[in-house]
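In: sharing a sequence plus its predicted fold:
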Amino acid sequence: MSIKISELDPVTTINGGEFIPVVQDGDTKKAMVSDTLGYKVYRADISYNGSSMVVNVLNTSLFGITIYRSLFAGSFVVNSETDQFFADKTVLYINQNDNNGNPPVDAFIFNSFKRSNDRLLGIKTIAVDVFTSTIDQDDYLTHLSIEIRVYP
């Protein structure tokens, strides 16, 4: 007995790793939901407490990625085993969830990233005090969410 699509239970959350049927050249094949985005994506929550790091991968269609702390304060490195962070095609979104509890009172926290090559991205944070115009490069990067998109 077949079921109509309208009779199926709704999906509660989609992380991109699910398969959907696709008809291609008259044959029914499977595709990952993330393949329909038009770009490859890697999403993770990163927490660092000064001695250990926890990376919670939310979903990924990029593979062989490791994230680690840089030797520089307020910095992370995203490293890929293969060339996948292509020039003019890689975008990194950063959402800092915690400023280590005590940045300067009148500071704005700026997150930025640098694509070093097709395998390496760097994430850096600084605090800029709006009244004194001083730049504080202490380590405020303790809990953040990232999304890396690589367009075709």
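Out: Here it is on my side, so go on. Because the structure is predicted, anything quoted here is derived from the model rather than measured. Residues are numbered from 1 along each chain as shown.

In: tell me the spacing between residue 134 and residue 95.
Out: Note on residue 134: its distance to residue 95, by C-beta to C-beta, to the nearest Å, is 25 Å. C-beta coordinates here come from the backbone N, C-alpha and C atoms, glycine included.

In: ok, now residue 126?
Out: Distance from residue 126 to residue 95, counting by C-beta to C-beta: 16 Å.

In: residue 56: neighbour count?
Out: Using other C-beta atoms under 10 Å, residue 56 has 10 neighbouring residues.

In: chain center to the helix or strand it falls within, what's the gap?
Out: In the assignment (DSSP states H and E), residue 56 maps to strand 53-60. A distance of 9 Å separates the centroid of the chain from that of strand 53-60, by C-alpha atoms, centre = their mean, to the nearest Å.

In: give the next helix or strand downstream of the least confident helix or strand in the chain by mean pLDDT.
Out: None of the helices or strands of the chain scores lower by mean pLDDT, DSSP states H and E than strand 135-136, at a mean of 72. As assigned by DSSP H and E, the chain's next helix or strand after strand 135-136 is strand 143-150.

In: ok so, going back, who has more neighbours, residue 126 and residue 95?
Out: Set residue 126 next to residue 95 and count neighbours by other C-beta under 10 Å: residue 126 wins out with 19 against 11.

In: any regions of the protein where pLDDT drops low?
Out: 1, 50, 97-107, 136-141 (pLDDT under 70).

In: which parts of it are strands?
Out: For the chain, strands defined by DSSP state E occupy the ranges 19-24, 27-32, 40-48, 53-60, 65-69, 75-80, 90-98, 107-117, 120-129, 135-136, 143-150.

In: put together TSV for the ones you listed, with distance to residue 5 on each row.
Out: Below are the strands of the chain laid out as TSV (distance: least, C-beta to C-beta, whole Å):
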stretch	distance to residue 5
strand 19-24	11
strand 27-32	14
strand 40-48	26
strand 53-60	24
strand 65-69	35
strand 75-80	37
strand 90-98	33
strand 107-117	40
strand 120-129	39
strand 135-136	55
strand 143-150	29
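
In: for residue 11, find the nearest of these.
Out: Closest to residue 11 of the strands of the chain is strand 19-24 (C-beta to C-beta; 10.4 Å).
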